[in-house]
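Enquirer: this one's sequence-less:
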RNA sequence: GGCCCUAUGGUCAAGAGGCCUAAGACACCGCCCUUUCACGGCGGUAACACGAGUUCGAAUCUCGUUAGGGUCACCA
């Protein structure tokens, strides 16, 4: 077989040689143990929770080892491409604080190993494909989609494995003259790998997460270059990760099924294999079944969901860390205020089985994240969120920032901070009673407090309320007043003889709370009243009283 | 269906042959604290898929079964 002629026929254009590329993209000069990782999303206009999961692993692995983290765009599939998708990806990287060392950013590409868009690397793949043709390891295939479809049907009928292999690899040994003829006719062709694999034999790798993985050798003559000259994932992955000198490939376990293809290709091209880390999937319960989180069916699969709902990116990251590394939670309890980046991440601690997304747990994590934030930080984040998603809230927050911050500061910052908020869309309701335009009172009093006592308290309190009192004095006044209306003056006193009192100071406070806040649950009432100011407090008492007539 | 991966409470998981009478977290339930709530404290319910084998000894190693998941494209 005249491979020289075949290659010239298939690649008439001027191409650099693989040797040249080897010198253009030399091995990296990095300290021992430094890892090169890369995130390689396709620009489909959708960022999945799983994408972020992988990106966090990549980022931690690289930066924890003093290595490099690359963002490469796998835009080889024109059909799935969506305008603005790359912007979405870089935006997400920004939101989640995933800093890359080279690749694609919102400001363009940078780095010595580019281009980082695969479409722009077409000539590189072709150079390597040509090399394979020259060595008899690849060949052109002129089958149409219909041909392949027919073949698949036949294979199905015969209960044989589908695919292009063995006797079904019909163009594998096509005569060069015939190839010349077909190319002259302008017939499109793909470049296929000439597999020498024997499926009765196995190959194995030592996966960084899953340990030893054994798979049968591949015998499929899979496609390297599509008819438009753009590579498939398989070929692009091998060429790029070699040329970019990736040392650890982190990817989802759905790639395990074609791992043997990749192993074969690395060998055929004479490349050193990177390490592989195959991550398990995020799952979701669907009825009584478990399945991979699906971007079509599950809103929470999309990162955009968290943004829209108002979950802080830190919460999503923190939750993902609890899933990614099993010892993270213990570490967090021991180091409540430490930045995420100081957690000693390890691939060895990664879960091998699929993880169910747990909304309850996620909410809890998010509450803790928000509880750790300062009022100032919360204010900033909520305002940013509201600007995009809730104009009414945004107006309220920005009309008087200091007022809003004071509200958000209640119960915050101490040893046992309040954990009311799991996401920003809960903020509006949480603080609504501080704003007349948002106030929607529900004046339901606890059943056990007599109606006449309620009215009496509401009538009297305006006169004894003194905003100058500190918290202790304030409560003292309430206790004293409680005694005057036949309530106990302390909880203790009440509990000792509940029959002798019609209520206790807690009841008095509750009446005031319902009137002032329009609800039975609120943060510390004294703080609320201080922030509102006496005018609003008195007005609320009156409104509540009026509503009872 | 072939191939591959996986299997500890409802969920996330600790566990590397004896330290397991199986940790911790979320959720749930009870009690305590408390001006309500949110916290916090204390306690509780709840698990090694099944069957063989190896071993003095198995959640842990091997094999099988079952179940779940993934994948079988000129998508990634």
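Expert: That came through, no problem. Nothing here was measured: the structure is a model prediction, and the numbers come from that model.
Enquirer: State the number of residues packed around residue A:80.
Expert: Residue A:80 is flanked by 13 other residues according to other CB atoms under 10 Å. To be clear about C-beta, it is placed using only N, CA and C from the backbone, and glycine gets the same treatment.
Enquirer: Ok, residue A:370 next?
Expert: Residue A:370: 27 neighbours (other CB under 10 Å).
Enquirer: Can you classify the closest residue to it other than its chain neighbours by secondary structure?
Expert: Closest residue in space to residue A:370, ignoring its immediate chain neighbours: residue A:421 at 4.9 Å, by CB to CB, 6 or more residues apart in numbering. Secondary structure for residue A:421, judged by DSSP: H, G, I helix; E, B strand; the rest coil, is coil.
Enquirer: Now do the same contact list for residue A:421.
Expert: A:367, A:370-371, A:378, A:427, A:430 (CB atoms under 8 Å, 6 or more residues apart in numbering).
Enquirer: same for RNA strand B: which of the residues you listed are within range?
Expert: residue A:367 (CB under 7 Å from any atom of the strand).
Enquirer: Turn the contacts of residue A:421 into CSV, columns for secondary structure and pLDDT.
Expert: Output for these, formatted as CSV (DSSP: H, G, I helix; E, B strand; the rest coil; pLDDT from 0 to 100):
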residue, secondary structure, pLDDT
A:367, helix, 96
A:370, helix, 95
A:371, helix, 94
A:378, helix, 96
A:427, helix, 96
A:430, helix, 95
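Enquirer: Residue A:122: which of the contacts of residue A:421 is nearest?
Expert: residue A:370 (47.1 Å; CB to CB).
Enquirer: doesn't residue A:378 make contact with the closest one?
Expert: Yes - between residue A:370 and residue A:378 a contact is recorded at 6.6 Å, counting by CB atoms under 8 Å.
Enquirer: how much space between the nearest residue to residue A:205 once chain neighbours are set aside and residue A:302?
Expert: Nearest residue to residue A:205, sequence neighbours excluded (CB to CB, 6+ apart): residue A:213, at 5.6 Å. Residue A:213 sits 30 Å away from residue A:302, going by CB to CB, to the nearest Å.
Enquirer: Identify the residues contacting residue A:179.
Expert: Counting by CB under 8 Å, 6+ apart, residue A:179 has contacts A:6, A:9-10, A:140.
Enquirer: Intersect those residues with the contacts of RNA strand B.
Expert: Counting by CB under 7 Å from any atom of the strand, no member of these reaches RNA strand B.
Enquirer: List only buried entries from the residues you listed.
Expert: Neighbour-count burial (16 or more other CB atoms under 10 Å) applied to the contacts of residue A:179 gives A:6, A:9-10, A:140.
Enquirer: can you pull out the strands in the stretch 251-400 of chain A?
Expert: A:275-279, A:282-286, A:289-292, A:355-356 (DSSP state E, counting those that start in this stretch).
Enquirer: On the three-state scheme, residue A:191 is what?
Expert: Taking three-state DSSP as the rule, one finds residue A:191 in the strand state.
Enquirer: rewinding a little: now, which of the contacts of residue A:421 sits nearest RNA strand B?
Expert: The nearest member of the contacts of residue A:421 to RNA strand B, counting by CB to the nearest atom of the strand, is residue A:367 at 6.2 Å.
Enquirer: I'd guessed that closest one sits against residue A:422; true?
Expert: Yes - between residue A:367 and residue A:422 a contact is recorded at 4.8 Å, counting by CB under 8 Å.
Enquirer: Looking at these two, which is more packed in?
Expert: residue A:422 (22 against 19).
Enquirer: roughly how far apart are the more buried one and residue A:194?
Expert: 56 Å.
Enquirer: just for chain A, where's the confidence low?
Expert: A:285-290, A:292 (pLDDT under 70).
Enquirer: Return the member of the buried ones among the contacts of residue A:179 nearest to residue A:492.
Expert: Nearest to residue A:492 among these, with distances taken as CB to CB, is residue A:140, at 91.3 Å.
Enquirer: what's near enough to touch the closest one?
Expert: Counted by CB under 8 Å, 6+ apart, residue A:140 has contacts A:6, A:10, A:171, A:174, A:179, A:183, A:189-192.
Enquirer: how would you label residue A:38: helix, strand or coil?
Expert: strand.
Enquirer: so it sits right up against residue A:72, yeah?
Expert: Yes - using CB under 8 Å, residue A:38 is in contact with residue A:72, at 5.4 Å.
Enquirer: Please identify every residue contacting each of the two.
Expert: A:103, A:244.
Enquirer: ok, residue A:401 - how many residues close by?
Expert: Around residue A:401 there are 13 residues (other CB under 10 Å).
Enquirer: Next to RNA strand B, which bits of the stretch 301-450 of chain A? Give me the list.
Expert: Close to RNA strand B, as judged by CB under 7 Å from any atom of the strand, the stretch 301-450 of chain A has residues A:322-323, A:326-327, A:329-330, A:333, A:348-349, A:351-356, A:358, A:360-361, A:363-364, A:367, A:411, A:416-420.
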